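Novice: need a structure here:
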Amino acid sequence: MVRIMPLPEELSDRPFTVYESRVLGVAPKRLRAKDMSDGGRLIHLPAGRDFEFAERARVLAAATPGAWVSHESAAVLTRLGLPPWLGGGETVHLSKPHELPRVRRSGVTGHRVRVLPGEVTEIGGIPVSSPSRTWLDLAHQLPLRYVIAMGDQLIRMPRPGLEGRTEPYAIKEGLRLLIRQHPNMKGVEKARIALEDMRVGADSFPETFLRLAMLDARLPEPELQLRLDPDDPWSPSADLGYRRFRIAVQYDGAPHLTREQQTRDNRRDEAFTSAGWSYFKANANDQAEGFAGLMVRIKRAKLPIAGSLTAHVAAQHGP
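Specialist: Next comes the predicted model:
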């Protein structure tokens, strides 16, 4: 009986390239043993193991010198968010500089792009387009509201305890410079339009879509992350609203379904209503109808002095 030598610990439970195995002294015939599978050109992996998207992205990039993970695959790795029809993980998008040949292999969508210093970074050892460059790469194929929503995710202030970072991915001036540096890219004009409608403060795509729906309904520009007491950093806050009219609006997505989060949400809701605010909550059902019903309810909100928000909107915009 032939004894199969164990792989080095670094390779025993993940896909790897021939280059990595050579560095660790693995003999070529070891890679043909029955406990190994062929992962495609220059790639091997332990047999019978399913791999996460990040593992496939890493090894495909490693097997393609000069390439990096880009486009929708980069959006998945950086958690920028994508429309539901993208990012299924069936293919990995890899880019190369425009002077090199396009990546051509099974499971890969290849791109040749003009790239400038600083537009490729690393995540867990994986070369990947920076969040800002990913936004610009995707602008041509995304509807405008998604370009705005992804842009909002670039410029929002992160939550250090949850994300391990304290600074936003980008600021608007930096994105303006990025756009100027790539005047001939597909979608650059759409990115330029989106930039003007981006705002700091949306923690999710639905919050951006809700804000845009309010503007489409000819409501005033809402304040984002609206604290009940603006002078108290620990005061409960709503996603958006109007302090002047004491109107607060909250979008409750999937993260709000846990018991602990619902307890915090209930306290927040009670704080606003006890203080006499008109308080509205939206969810995925409201989003599915474009927030149309919610817009009607907000416009009917009774105000302490002016009567209703509808009267204020009519005064601003006319009949």
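Novice: lowest-pLDDT helix or strand in this protein?
Specialist: The weakest-scoring helix or strand in the chain, judged by mean pLDDT, DSSP states H and E, is strand 307-308 (a mean of 52).
Novice: And the next helix or strand past the longest helix anywhere in the chain?
Specialist: Secondary structure of the chain per DSSP state H: the longest helix is helix 259-274. Tracing the chain C-terminally past helix 259-274 and defining elements by DSSP states H and E, one meets strand 278-282 next.
Novice: How far off centre is that following strand?
Specialist: Offset of strand 278-282 from its chain centre (C-alpha atoms, centre = their mean, to the nearest Å): 25 Å.
Novice: What residues sit buried inside the very next helix or strand once past that strand?
Specialist: Remark: after strand 278-282, the chain's next helix or strand is helix 284-288, criterion DSSP H and E. Residues of helix 284-288 classed as buried: 286-287 (neighbour count, 16 or more other C-beta atoms under 10 Å). Every residue, glycine included, has its C-beta placed from N, CA and C.
Novice: is it true that Y146 lies in a strand?
Specialist: No - assessed with DSSP: H, G, I helix; E, B strand; the rest coil, Y146 is helix; it does not lie in a strand.
Novice: i'd like the first residue to be 348 from this point on
Specialist: Yes, from this point I'll number from 348; that puts the last item at Y493.
Novice: Report whether the expected contact of G548 with Q500 is present.
Specialist: No - taking contacts as C-beta atoms under 8 Å, G548 lies outside contact range of Q500: 11.2 Å.
Novice: higher neighbour count, the two?
Specialist: Between G548 and Q500, counting by other C-beta atoms under 10 Å, Q500 is the more crowded of the two (24 against 18).
Novice: I'd like the distance between the more buried one and G588.
Specialist: 21 Å (C-beta to C-beta, to the nearest Å).
Novice: which residues sit in contact with the residue positioned nearest the centre of the chain?
Specialist: What sits nearest the mean C-alpha location of the chain, by C-alpha atoms, centre = their mean, is L427, with 1.4 Å. Going by C-beta atoms under 8 Å, 6 or more residues apart in numbering, L427 touches 478, 481-482, 497, 500-501.
Novice: for those, which one is nearest I390?
Specialist: Distances from I390 to the contacts of L427, taken as C-beta to C-beta, are shortest for T481 (24.3 Å).
Novice: Count residues in the vicinity of the closest one, would you?
Specialist: Neighbourhood size, T481 [other C-beta under 10 Å]: 27.
Novice: in the stretch 448-597 of the chain, which spans are strands?
Specialist: Ranges of strands in the stretch 448-597 of the chain, per DSSP state E, counting those that start in this stretch, are 455-460, 467-470, 473-476, 570-574, 584-589, 594-598.
Novice: okay if I get the ones you listed as JSON lines plus mean pLDDT and mean neighbour count?
Specialist: Output for these, formatted as JSON lines (pLDDT from 0 to 100; neighbours: other C-beta atoms under 10 Å):
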{"stretch": "strand 455-460", "mean pLDDT": "94", "mean neighbour count": "18"}
{"stretch": "strand 467-470", "mean pLDDT": "96", "mean neighbour count": "15"}
{"stretch": "strand 473-476", "mean pLDDT": "97", "mean neighbour count": "24"}
{"stretch": "strand 570-574", "mean pLDDT": "96", "mean neighbour count": "18"}
{"stretch": "strand 584-589", "mean pLDDT": "96", "mean neighbour count": "23"}
{"stretch": "strand 594-598", "mean pLDDT": "96", "mean neighbour count": "25"}
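Novice: now the ones you listed in JSON lines, with distance to E437?
Specialist: Conversion of the strands of the stretch 448-597 of the chain to JSON lines gives the following (distance: least, C-beta to C-beta, whole Å):
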{"stretch": "strand 455-460", "distance to E437": "10"}
{"stretch": "strand 467-470", "distance to E437": "20"}
{"stretch": "strand 473-476", "distance to E437": "18"}
{"stretch": "strand 570-574", "distance to E437": "35"}
{"stretch": "strand 584-589", "distance to E437": "33"}
{"stretch": "strand 594-598", "distance to E437": "30"}
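Novice: For G395, which of the ones you listed is the nearest?
Specialist: Smallest distance to G395 across these (C-beta to C-beta): 23.0 Å, for strand 455-460.
Novice: Give me the residues contacting the closest one.
Specialist: Here strand 455-460 has contacts from 407, 411, 417-418, 438-445, 447-451, 484, using C-beta under 8 Å, 6+ apart.
Novice: hmm, back to that, which one, of the strands of the stretch 448-597 of the chain, ends up nearest to S359?
Specialist: Each of the strands of the stretch 448-597 of the chain was scored for nearness to S359 using C-beta to C-beta, and the closest is strand 473-476 (19.7 Å).
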